[in-house]
Structures are given as structure tokens and as C-alpha cells.
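Visitor: Coordinates for the following, if possible.
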Amino acid sequence: MNAFYSLSLSPRSPLTDASATLRGERGTRGVRANLRHTPASHTRELYNPSNENVDTFRFTPPPSSIHPSRHTRARRAPPLSTSPEMTLATFVFLLLASAPLARAVDVDNQACATAGTQSADFFPSTRRVSPNASVTGSADAFVEVGRLFDVYYSRSFKVVRVKEDADGLTAASYVLYQCGTPTPTTYDNGTALPTNAKFFSVPVQGVATALSTVIGVLEQLGLRDKLKLVDPSSVHAPCVQALEENNTIAASHISSNSAYWHQAINNLGSSIDMIVTDPWNTGYSNSAKDVVFDNTAAGLSMLERTEKMKFLAMFFNKEAEASAYYADQVERWTYMSSMIAAAQGRGGVPTGYTCGWVDGGLNRISSAKYKRDICEAAGLTMWESTVTNSAGQYPDRATFLADMVNVNVVIDETYATSPSTYDKTDAFAALGFDTVSNLPSDDPRTGLVLRLDKHTSDGDTTYAHADEYSAREGLTWFEDQMVHPALVLQDLIRLSWLNTFITPVQEGCPRFFRDMNNNDTVIKTTAADCPTWDRARAEKLCLAQLTSQRTTVASLLGASSANIGARLVVSCVLAVIISMTAMA
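Guide: Below is the predicted model:
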């Protein structure tokens, strides 16, 4: 634990006869971090509780002696001499002697410790995770991030504990120590570290993952260079496509027995420090390098899925960046949803329209928490069927179609082998909508049918390997929707209530929903689009797009009478507002 000292001079005596006392006070450190898991495999939403490769201890609070509220004040040092020998020179000496302690706090935790920084504080409050939607890192050493995980910070290491809960989070512990410092064996007070904890030197330099959700997080945190091995069928990010296709990043497909994937990990050897997998062991290595990351669990809210990026950031000492980005997304999401709610309260946007997340191949309607959040934030009511089983499946197609008369906005999650060639005819046939004529979603005056594949990759047709791989288009939905909740919400609001984009869409920003009523087509991104997407991320153009739209959308919704079919056809007002925005 760190100690800091202050020199106190008695105001009752001159400096030459000071009653000086050197007091040592122990600082506290503790950061509560709680992040939620959701299944990182984008094809599954129900949690499988069996996972033999993950530590299954029950969550217990950290030892009382390391809890920030139980720190005790250090023993006071004996007073210095009050004789005339306590001169100004002595005072200056003591003041200078304390300077190295202040300087030691300011050390770069992206670099390994050296002989001169072994005792430095690599995790001051400014570099700790925020326990909520605040930009500011925790002032305490123990941080709990919601119901997701918690963190204890020492000077050169941190202990991250994932909590076990009913939504599928499996308990696990990770001890992350600054590279160049000794591997810790106990907490600062000598208490044993969590049983079966995995140890990682941080910041991690090399990552292997077959999960698209991980790629989205690493891209947003500026950690693309840490990727060493990916599954090309899970990649949408154009720059990751480019690096994989020119062999800067290794590629391997997860075949039925994972043999090729495991061989690729072995071939890369020590260049891989961490393998990010999920509760179903997707792309796992069955080694101490495996880290379970799951930000897709059905029980997580939309913003909890985003906040989970804080957990992954811990392994790269990027807590401050993840906390700041999360705080920004929460603010933007909250603003947009409150704007819609206020417009509905004024009658500017109608109420009573429903939405449903539907899979025509399974005759299923989903009730996942984050999907409800998206619908409700956009001013739509989530439709819940009373005739489905626990998995949301209807007993047959006829029952499924009979219930679809209650859904205005259908969000179609039916799997398509090739989204880029999947058109309105294919979508309506798969849903069975081509056999009925009374569905509100089929009439642009009363509803919509949307798909989640507006942006896809080209499937990397250049990748060749005898591992059962076939080119498959990767969706930005699975890679980016948890990282960009505000863009997801903006996209749905635009399609539900507006007739057009209020400001031009920035190139390189993800779009998610495809309007099937208008036979909207897919935008396929390839490695050649890397410079455009890289520029959008580096210059924060997607955030700028959100900022420029919020004022004009608010003006429209506040002044117009909306209809879900008409989608606020107010071209004259729109033109004036766009001109005013451009001049501003």
C-alpha cells in the first residue's frame, strides 16, 4: 500500500523554533468493477452452465483488511526536534526528500516496469475503471462494476473477479500484474489470492480470438495491433480483413474439432498471451491463457453489453479509455431515448406500436433484455407472445403467423447463408409472410420488416485451408452493435419515425438495419474500405454524426405529427433545418 507524508508546522512558533511533526497516512485503493457477460458466440443466446475450464468459486467479498472502508491510519511518527537546529534548511531537505514519492505516481502503465519504477504506482485513480457511467476512475482501490465483476487495485497488480449470477456469468478470477514486476503471491496484507486464479502480465501484447464481439471492442479501444489470430468467418472490420488477407494477422477457421485452430495457436507460440473465448469454449485453447468473455448473454441490458468492454480493457490497462467511451455512449443513448419519450408525450410521435425480434426458421420470437431495451428506447413496445414455449418458439407456423398480426415492426433474425443476395422475396418467404395478407409489418403505412445485415463483409474468398471453411459474410451487427449502442438506436429511430437521414451518413460508420419493405440492399465492406473506416474511427466521425443529428431530430419530433407509415414526411422543414445546421 502506498504511504504519503505531510509536514506540519505549528503556527504558534517561528520557523526557527517550529514544532514540526511528520505524519504518515496510508492511502486506500479499491475499485469496484462489475461487468456483465453475454454469449460472445453470436448464434447462441441461451447460457449453458457447464464449463469445466472456468473457475467456479462462489463470489465472496475481498478480505476485510483490504476493503477501503477498513484501512487504518498509520502510526504517527515521533515529533521532530523543536530546537533552534530545526532550521529552514532542514525543512527544505525534508520537502525535497518527499518529492520522489509524488513523481512515482506518474508512470506509463503501457510500458513495462524498469529497475527505477519497481515501486511506482501503475494504477492511480486516474487509470482505474469507473464503477458506473462516470468518466472519472474510482478513488477507491476496490471497485465493483455493477453485477459484472469487481477489481482490487494494488500498486503493481490488480485482481479481477467475475461474479456468478443467474444470467450465465461464470465465476472466475484473474490476477493482472504490470509487466516487469514480480508475480504477486498474496494481496498487500498477506491474504491469499483467489483460488484457481489465472495470471497475466499486462498490458497483454498478443491475442487470439474467434469471436466477432471481441474484435469490435479491440477496434474501439485502439488495440487492433494486439490481434494475432482470428477466424475470417467472424470478421467484418475492414482493417482486420486487410491485415488477415495480407498475413499480418494469422487466420484459421474453427472446424468441427478445432484441430486447425489449436494448431494455429501452437504455431504462434509465445506471440499469443491470451485467447479470448466464451462460455461454450468457442476458439478456446484449454490452457491457462484462456479468458472467458461474454457480452451477449440474453439477461444483459443493452448498455450492460457495452459496459462489458471495461472487463476486456483491464487486460490492456485501458480502463480510462473504456470508461470514458462508455460514459459517452450512455449519455447519447439516454438523450435519444428521452427525446423520443418526450415527443410521444407531446403527441409528436404516436404510441402503441409494437416490435418483435423474429426468427422465421425457428418460428420463434425473442424476449432478450437488450432487444427490449432497443425497442423501448425507440418508442416501440416489445411484443411478448403467450403461446410460445420457454425458448420463445411457437408450436407451428400457423400459430406463429397468427401472432404476427400483433407486431408492427418485425426485426427479422432468420439466418441467411448469403445476406448480400437475400432480398425481400427471400425474407418474406422464410418468414411465411408471403402466404398472408393482413400483417401490419407488411404495409408501409403501419409497420416495417427490418433485417440486421445492412453492413456485411465479403467473407474472405482468398482464405484457403483444408479445415471445412467456406466463405461466409460477417455482419457488423455481431461485431459492432454492443460497442455502438447509440448508433443502433439512431438507426432504428430513423427507420421507424423518419423518412430520411437528417444529416448525411458518414462513410466508415456502421449501419445495422435493412428495410426489407423497400427491398433495401446490403452494403458489402472489404479490405479496400480500411482507409475509410480507419479515418472514421480516428477522427470520431460516427460520434460527430450522432451529435449533428440530435438537434435536428429533436426539432422535427418536437414540431411534427408523426405516423409510422409516413415516417415524418416533412421535406420543407427538413431542408430548412439541414441548412441551418450546415451554417452552424
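Visitor: So the protein: which segments form each domain?
Guide: Annotated domains of the chain cover 3-175, 198-321, 323-583 [automatic domain parsing].
Visitor: What helix or strand is Lys524 located in?
Guide: Using DSSP states H and E, the element containing Lys524 is strand 523-525.
Visitor: Okay, now the unreliable bits of this structure?
Guide: Scanning the chain for pLDDT under 70 picks out 1-106, 165-169, 255-256, 460-470, 499-504, 551-584.
Visitor: rewinding a little: from the domains of the chain, which stretch is densest packed?
Guide: domain 198-321 (a mean of 22; mean count of other CB atoms under 10 Å). The C-beta positions use only the backbone N, C-alpha and C, and glycine is treated the same way.
Visitor: What's the end-to-end length of it?
Guide: One end of domain 198-321 to the other measures 24 Å (CA to CA, to the nearest Å).
Visitor: Same check on stretch 371-382?
Guide: End-to-end for stretch 371-382, by CA to CA: 8 Å.
Visitor: What of stretch 353-362?
Guide: Using CA to CA, the end-to-end distance of stretch 353-362 comes to 24 Å.
Visitor: ok, now stretch 127-146?
Guide: Counting by CA to CA, you get 19 Å between the two ends of stretch 127-146.
Visitor: How about stretch 277-293?
Guide: One end of stretch 277-293 to the other measures 6 Å (CA to CA).
Visitor: show me where the stretch 201-350 of the chain has strands.
Guide: 207-209, 227-230, 250-251, 274-277, 290-292 (DSSP state E, counting those that start in this stretch).
Visitor: Tell me the gap between the first one and the middle of its chain.
Guide: Its chain's average C-alpha position is 17 Å from that of strand 207-209, according to CA atoms, centre = their mean, to the nearest Å.
Visitor: hmm, back to that, in TSV, list the strands of the stretch 201-350 of the chain along with distance to Ala320.
Guide: TSV is the format used below for those (distance: least, CB to CB, whole Å):
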stretch	distance to Ala320
strand 207-209	20
strand 227-230	21
strand 250-251	30
strand 274-277	20
strand 290-292	20
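Visitor: For Val505, which of these is the nearest?
Guide: Of all those, it is strand 227-230 that lies closest to Val505, at 27.2 Å by CB to CB.
Visitor: So what are the sheet partners of that closest one and their directions?
Guide: Next to strand 227-230 in the sheet, as set by DSSP bridges, lie strand 207-209 (parallel), strand 250-251 (parallel).
Visitor: so which of those gets nearest Thr547?
Guide: That would be, of these and by CB to CB, strand 207-209, which comes in at 31.6 Å.
Visitor: Show me what whichever helix in the chain runs longest is packed against.
Guide: In terms of residue count, the longest helix belonging to the chain (DSSP state H) is helix 319-346. Under the contact criterion of 3 or more CB pairs under 8 Å, 6 or more residues apart in numbering; DSSP states H and E, helix 319-346 touches helix 302-307, helix 309-313, helix 369-377, helix 485-497, helix 541-559.
Visitor: Give me the three-state assignment for Val358.
Guide: At Val358 the chain is in strand, as set by DSSP: H, G, I helix; E, B strand; the rest coil.
Visitor: do the same with Phe200
Guide: Phe200 ends up strand, using three-state DSSP.
Visitor: So it versus Ile272, what's the distance?
Guide: Using CB to CB, to the nearest Å, Phe200 is found at 12 Å from Ile272.
Visitor: Need the strands paired with strand 227-230 in TSV (columns: distance to Arg372).
Guide: Output for the strands paired with strand 227-230, formatted as TSV (distance: least, CB to CB, whole Å):
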stretch	distance to Arg372
strand 207-209	28
strand 250-251	36
